[in-house]
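**Q** when you get a sec, could you give me coordinates for this:
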Amino acid sequence: MSAYHSLEMKTTMMQPNKKSAWKKDFTVSKVLAGILLILATLFFIFPFYWVVSGSFKLQTVATTIPPEWFPLKPTMQNWTELFKNPVERWMFNSFIIALLEMIAICVVSSLAGYVLAKKSFPGRVVIFTMFVAAMALPKQVILVPLFTMLADFGWVNTYKGLILPAIGWPFGVFLMKQFAQTIPGELIEAAKIDGCSELRLFTTIILPLLKPALGALAIFTFITSWNDYFSQLIMTRSTSMMTLPLGVATLRGEFTTNYGLLMAGAALASIPMIAIFLLFQKAFTQGITMGAVKG
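**A** Below you'll find the predicted structure:
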């Protein structure tokens, strides 16, 4: 009995601690923060919901005021009309261009960032300053000379003309250089003492340490390339070379606009971006966190 009573007393003494801990977890500030986060989430998700729900509405319903917040009579007419166009070709072009740009920019930017961060050579500061200055240069400024150059090469309306000019992305080099600076120099020196070649050093030591930055850069690159409407508009000349944003823009009529059809195209165009973000979400979060902590 004494053992039973002692156990009961211990349990009774522990109960107030549990209640106090429970009260500490649910403070007013935390509840308010949770409510604000929920409201912010709904605010940012609503445009996507409106596009997706609008793709299942007829033209007469999509433009009614007050709006129909939920499609009461959903229809697949907009999606059927959308796929009467060469949507598969437009998606293929967008995916190939965005994927190849993402891979090429990640490779080139990681190499250039590592060299600028960890190698000493004449003109390193000048080169990095030029990259930083190029980040402030509007893309529209270079489109005319770039188009003239690509026309001389015969690369207009080709995959090469759409992919190769984007490989030297200044932001990618800047991002990888900032992350490469956080790698301890002693680690590189120890690998060299052990007889590690430059190629093996980069592939087995540097790249794994740059994985969070590569994940963030991959998301930035893919989304930027997928939504690069203006450059693709200048560089393409035929329907077969159009990307999905360009193709969806052509669905707008001269005198009337079928908003349900445009929303179906916009919803289709958003799927790959969401998939890429979910695929690299963990690395992206790590990259943003490391950048915030280490500067």
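
**Q** can you list the helices and strands that the longest helix anywhere in the chain packs against?
**A** Criterion DSSP state H: the longest helix present in the chain is helix 87-118. Under the contact criterion of 3 or more CB pairs under 8 Å, 6 or more residues apart in numbering; DSSP states H and E, helix 87-118 touches helix 124-135, helix 159-163, helix 170-180, helix 211-226, helix 244-250, helix 259-279. No exception for glycine: its C-beta is placed from N, CA and C like everyone else's.

**Q** any idea how far the nearest residue to residue 101 once chain neighbours are set aside is from residue 94?
**A** Counting by CB to CB, 6 or more residues apart in numbering, the nearest residue to residue 101 once its immediate chain neighbours are dropped is residue 225, at 4.4 Å. Here residue 225 is placed at a distance of 8 Å from residue 94 (CB to CB, to the nearest Å).

**Q** ok, now residue 257?
**A** 22 Å.

**Q** same question, residue 49
**A** Separation of residue 49 from residue 94 (CB to CB) stands at 23 Å.

**Q** and residue 114, by the same measure?
**A** Residue 114 is 30 Å from residue 94, by CB to CB.

**Q** residue 143 now?
**A** Using CB to CB, residue 143 is found at 20 Å from residue 94.

**Q** what about the two, which has more around it?
**A** More crowded of residue 143 and residue 94, by other CB atoms under 10 Å: residue 94, with 23 against 15.

**Q** contacts only, for the more buried one.
**A** Residue 94 is in contact with 226, 243, 244, 245, 269, 272, counting by CB atoms under 8 Å, 6 or more residues apart in numbering.

**Q** what is the nearest of the residues you listed to residue 55?
**A** Checking the contacts of residue 94 against residue 55 with CB to CB, the nearest one is residue 269 at 11.3 Å.

**Q** find the nearest non-adjacent residue to that closest one, please.
**A** Spatial nearest neighbour of residue 269, chain neighbours left out: residue 244 (4.9 Å); criterion: CB to CB, 6+ apart.

**Q** test my guess that that neighbour contacts residue 90.
**A** Yes: counting by CB atoms under 8 Å, residue 244 touches residue 90, with 4.4 Å between them.

**Q** the helices and strands packed on helix 87-118: which one's closest to residue 70?
**A** helix 259-279 (14.4 Å).

**Q** are any of the contacts of residue 94 buried, and if so which?
**A** Taking 16 or more other CB atoms under 10 Å as the criterion, what is buried in those is 226, 243, 244, 245, 269, 272.

**Q** for the longest helix of the chain, buried residues please.
**A** Neighbour-count burial for helix 87-118, counted by 16+ other CB under 10 Å, picks out 87, 89-91, 93-95, 97-102, 104-106, 108-110, 112-117.
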